[in-house]
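Visitor: No letters, just coordinates:
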């Protein structure tokens, strides 16, 4: 049967079958994205909702100098296709820069931010129904990215010191996962998104051991590790168990998220599969971005630059901590983070942070409700506050506004 | 049971379960990639194997001017996170620049090269076993990217004028696909990779109609359309049937592949799903790259620049055509392409191009065998020659070397 044609002899608009795949059907707009659209329509707010690094930390001059040097010395090469695994000098720099870990450049794959690292891990490791353990709450973007492949989420209990290693096995068994039957554990040990929490050294050792007992690969996501306000270096799970860990790193929080440059470090057993997935996904990451960032970092620029970032974020964390003590002491619970960009607020039991969004916007402040950060059993009386992009004065003002909403 | 521990109390190297997913098991190194590694170890060749644009076409000065303007006027914004769908002024420019098509910026999604467009389409549309029609031969990277999702390939016969529309239905039925039962058709209408062939105007109309009868969405991949040596514009399938087509465009062959910047245009029915898949895959494409490229193209730079590219590639196509007539007339069959970067060679029946790789390298010339470009029923007596990166003198020399190998 021929479809109707229009006067030009072409088929009239005929519904074609856009049959969405199962993966496609599982995709949704993130709660944060919907909130972002709402906030874009309400300018002038003090926003703790973002999750973006402060533009005051972006080293524009260093980018300019590096761009000039790259284009003056290797212009055409910087604009040409490059290898899937990435620009070798950058991979060498990354391999040499990971504290405590002995890593070969052959174990390093450059990615379009660590978000792409998560997608590649999902592609290569996760089949529908595979048990994937996560701390609770955890990074929303990881739930979204790994979630594309329909894992069975197994939340593992966490407290103010991060994930509780001794709860790993009980949580897996309670979820019906047989011994050595889970696919991977995803964790952010340093200044976690969304809670700002940091795993203690003792727990790191215990976690690596608990995962080894389960034969469980660990995905260690570490975008914030370099932002310890005291300049301390925390022992990476990678350095403790290199054969057991895929480590995700990023230049987003220490140089610029807009260049979309991250990397993963994986054992020989798995790195080539991840590289093949990268090739099928986008061939390779921007040659130009890789060469610029390598030019910036190669001579130790990050040492001084990170000191500046830490100082800026520490002052903002202090401002938020002080404002919370002034306006909300005894009403909400929080920990002052020791690094990173986030602070987690526990509201009085029975409060639903979602219900506070519009009153807060009306009062001139924005936040992200905590519930979307839970893989299951969301606690509605929580919210994430990001203090990276507001000045100390704005932070004081925003928390004062939030207090009015919370205390009526 | 506790695993053995080393003297530091950490678990000794314990095999963790790197259980590769079904998707991961399906991934392989591409034949071209393996060949690239072989060629890297044999310098000094005349290489027709690459598939890369000529670095002589990269507008380094235009990039420098654009970079300076972007950073001087919007430095921090260019280094910050951006929206998933892309930088609005660039999306507006793309929507306005597509000849003959009425496209809203809301239908445009910026991607990390059109390779990522293919991955997103695979994610959102292709379930295991879904019939996907392709011309024969077709782009290896599409077989690799869409192949991640395990389609059932349905090759559709093609000849020197490209895909044969009247063969669509018979090929689908012969493959056991019921009417309106296929998922999509993937095609490169202009100066196709690998054959250099271009679909005639009549066939475009017939193809759109044949696909409408099948309710079949079309993925129109058009990286080379702007490289018509005579400067002609070919009617896009998108402009003929906007509700039926996902169009893939790229700046890789007209500005720089190293910035990894492409786009897709899709009907309202599907664009949001593709955007959600993009968000889960890598959040968004480089803000810096988008702003630089927008700054380059916004004032009509491409008009003059494309004239330069076309002239350069036309001269190289002519050189290869002349060299083939001089050295291999009557031995091999080919068409002089009217645009793009590729020429397809049919060798005498019974010749396997794979067997010629090492003799050709020994003779100082490299090519890509044709077989990997077939989804099924590969014709081994074919090869792809890319003339974009060799000078006319090198082309003459390389074809002379190839002739010695072919004619003994």
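Guide: Perfect, I can see it now. From a predicted model like this one, the values you see are computed outputs, not experimental measurements.

Visitor: quick one: is stretch A:250-261 near chain B?
Guide: Yes: judged by C-beta under 8 Å from any C-beta of the partner chain, stretch A:250-261 comes into contact with chain B at A:252, A:255-260. Bear in mind the C-beta positions are built from the backbone N, C-alpha and C, glycine included.

Visitor: Redo those residues as a markdown table? Include secondary structure and pLDDT.
Guide: A markdown table is the format used below for those (DSSP: H, G, I helix; E, B strand; the rest coil; pLDDT from 0 to 100):
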| residue | secondary structure | pLDDT |
| --- | --- | --- |
| A:252 | coil | 97 |
| A:255 | coil | 98 |
| A:256 | coil | 97 |
| A:257 | coil | 97 |
| A:258 | coil | 96 |
| A:259 | coil | 96 |
| A:260 | coil | 97 |
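
Visitor: For the residues you listed, work out which two are farthest apart.
Guide: With C-beta to C-beta as the measure, no two of the residues of stretch A:250-261 next to chain B lie farther apart than A:255 and A:260, at 11.3 Å.

Visitor: of those two, who's got more company?
Guide: Legend: neighbour count by other C-beta atoms under 10 Å in any protein chain shown for residue A:255 and residue A:260, higher for residue A:260 (30 against 26).

Visitor: what separates that one from residue A:251, distance-wise?
Guide: Counting by C-beta to C-beta, to the nearest Å, the separation of residue A:260 from residue A:251 is 9 Å.

Visitor: repeat for residue A:134
Guide: 24 Å.

Visitor: more neighbours, those two?
Guide: residue A:134 (27 against 24).

Visitor: Next up, the contacts around the more buried one.
Guide: Listed by C-beta atoms under 8 Å, 6 or more residues apart in numbering or on different chains, the contact set of residue A:134 reads A:142-143, A:153-156, A:185-187, A:375.

Visitor: Can I get these in a markdown table including secondary structure, distance to residue B:53 and neighbour count?
Guide: Putting these into a markdown table (DSSP: H, G, I helix; E, B strand; the rest coil; distance: C-beta to C-beta, whole Å; neighbours: other C-beta atoms under 10 Å in any protein chain shown) gives the following:
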| residue | secondary structure | distance to residue B:53 | neighbour count |
| --- | --- | --- | --- |
| A:142 | helix | 36 | 25 |
| A:143 | helix | 39 | 22 |
| A:153 | strand | 44 | 19 |
| A:154 | strand | 48 | 23 |
| A:155 | strand | 49 | 20 |
| A:156 | strand | 49 | 25 |
| A:185 | strand | 43 | 27 |
| A:186 | strand | 39 | 26 |
| A:187 | strand | 42 | 28 |
| A:375 | coil | 45 | 24 |
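
Visitor: Closest to residue B:180 out of those residues?
Guide: The closest of these, once distances to residue B:180 are taken by C-beta to C-beta, is residue A:143, at 35.9 Å.

Visitor: who's in contact with the closest one?
Guide: Here residue A:143 is in contact with A:134, A:153, A:372-373, A:375 (C-beta under 8 Å, 6+ apart).

Visitor: The same query, at a cut-off of 7 Å, please.
Guide: residue A:375 (C-beta atoms under 7 Å, 6 or more residues apart in numbering or on different chains).

Visitor: got the buried residues for the helix or strand containing residue A:96?
Guide: Using DSSP states H and E, residue A:96 sits in helix A:88-97. Going by neighbour count (16 or more other C-beta atoms under 10 Å in any protein chain shown), the buried part of helix A:88-97 is A:90-91, A:93-95.

Visitor: So what touches it?
Guide: With contacts defined as C-beta under 7 Å, 6+ apart, helix A:88-97 is touched by A:85, A:103-105, A:108, A:110, A:249, A:263, A:290, A:293-294, A:297-298.

Visitor: Among the residues you listed, which pair sits farthest apart?
Guide: Across the contacts of helix A:88-97 (C-beta to C-beta), the longest gap, 20.2 Å, separates A:104 and A:293.

Visitor: Between the two, tell me which one has more neighbours.
Guide: With neighbours defined as other C-beta under 10 Å, residue A:104 and residue A:293 compare such that residue A:293 has more, 24 against 12.

Visitor: so the more buried one sits in a helix?
Guide: Yes: according to DSSP: H, G, I helix; E, B strand; the rest coil, residue A:293 belongs to a helix.

Visitor: Could you double-check that residue A:312 lies in contact with residue A:58?
Guide: No: between residue A:312 and residue A:58 there is no contact under C-beta atoms under 7 Å: 11.5 Å.

Visitor: Which one's more surrounded, those two?
Guide: More crowded of residue A:312 and residue A:58, by other C-beta under 10 Å: residue A:58, with 20 against 17.

Visitor: Count the neighbours of the closest residue to the more buried one other than its chain neighbours for me.
Guide: With sequence-adjacent residues excluded and distances taken as C-beta to C-beta, 6 or more residues apart in numbering or on different chains, residue A:58 is closest to residue B:79, at 4.3 Å. Residue B:79 is flanked by 25 other residues according to other C-beta under 10 Å.

Visitor: Then the one 4 residues further on?
Guide: A count of neighbours around residue B:83, defined by other C-beta under 10 Å, yields 18.

Visitor: now do residue A:74
Guide: Neighbour tally, residue A:74, other C-beta under 10 Å: 15.

Visitor: and the next helix or strand after the helix holding residue A:96, what does it pack onto?
Guide: Note on helix A:88-97: by DSSP H and E, the next helix or strand toward the C-terminus is strand A:108-111. If you count contacts as 3 or more C-beta pairs under 7 Å, 6 or more residues apart in numbering or on different chains; DSSP states H and E, strand A:108-111 packs onto helix A:88-97, strand A:262-265, helix A:268-282.

Visitor: Recalculate using a threshold of 8 Å.
Guide: Counting contacts by 3 or more C-beta pairs under 8 Å, 6 or more residues apart in numbering or on different chains; DSSP states H and E, strand A:108-111 packs against helix A:88-97, helix A:113-125, strand A:262-265, helix A:268-282.

Visitor: where's the lengthiest helix in chain A relative to the chain centroid, distance-wise?
Guide: The longest helix of chain A (DSSP state H) is helix A:301-328. Centre-to-centre, helix A:301-328 and its host chain are 19 Å apart (C-alpha atoms, centre = their mean, to the nearest Å).
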